[in-house]
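Student: Build me a model from this:
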Amino acid sequence: MSDSTFPIGMKLRHARKLKGMRLCDLADQVECSEGFLSKLENDKVKPSLQLLHRIVAVLETSISALFSEASDSIVSRAGTRQVLHTSNIRPGEGVSLETLVSPSSGHLLFGTIHIVRAGGGSSGTIVHEGEELGYVLEGELDLNVDGVEYHLMPGDSFFFPSRMPHGYRNPTDKETRVLWVNTPPTF
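Tutor: Predicted coordinates:
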């Protein structure tokens with residue numbers, strides 16, 4: 001892509017993943033090929049305006065959101081951050097992610113506050129590339145890494161390679177909040 005073209009591929013991919021959609025599902029709904037969408041998400045092709053309208057309608061976003069500048073703000077104020085619900089992204093119930101860093105292709109880290117409702121957690125194990133670091137801010141968390149379960153309390157921290165099967169749940173009847181950092185960004 002030339003420098004004069006505004007890249008929208010990363011934003012489209014992010015919006016699709018937030019909806020929990022596979023590339024082939026989106027392709028079917030917007031009536032275009034999976035290969036074209038893959039190229040679009042990698043900023044290798046330009047869509048027609050008609051196709052772009054169909055895509056944003058399915059992804060429940062807007063064309064203006066695709067072309068808005070990502071915030072390069074140094075500070076992210078409480079109450080202004082985006083909250084992602086993991087049930088839209090992967091299996092699991094009762095987990096929300098308050099983003100500390102705007103998801104962007106230029107960032108090496110993705111920081112969130114995992115808000116895990118009473119009894120909530122991931123569904124099964126998760127495996128991906130990268131590393132994870134966490135710190136329990138409040139509540140309790142049962143963290144399972146590679147088949148070993150750890151019961152964490154406020155002030156406890158953890159670190160592990162993301163390729164190790166892992167999952168978590170809140171074993172209590174109160175909300176748990178965990179500062180969680182992944183590299184590379186996984187959402």
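
Student: got the contact list for Val152?
Tutor: Let me fix one detail, which is that residue 152 is Leu and not Val. Residues near Leu152 by CB atoms under 8 Å, 6 or more residues apart in numbering: 136, 140-143, 158. (Glycine included, C-beta is placed from N, CA and C.)

Student: Quickly note the distance from Val145 to Leu133.
Tutor: Using CB to CB, to the nearest Å, one gets 12 Å for the distance from Val145 to Leu133.

Student: what do you get for Ala27?
Tutor: Using CB to CB, Ala27 is found at 36 Å from Leu133.

Student: Looking at those two, which is more packed in?
Tutor: Ala27 (18 against 15; other CB atoms under 10 Å).

Student: part of a strand, is that one?
Tutor: No. Ala27: not assigned to a strand; according to DSSP: H, G, I helix; E, B strand; the rest coil it is helix.

Student: Name the nearest residue to it, ignoring sequence neighbours.
Tutor: Take Ala27 and drop its neighbours on the chain: the residue closest to it by CB to CB, 6 or more residues apart in numbering is Glu34, 4.3 Å away.

Student: what does His128 give?
Tutor: Ser162 (5.0 Å).

Student: Now do the one you found, the pLDDT please.
Tutor: Listed pLDDT for Ser162 reads 91.

Student: again, but for the one 10 residues further on
Tutor: The model reports Thr172 with a pLDDT of 97.
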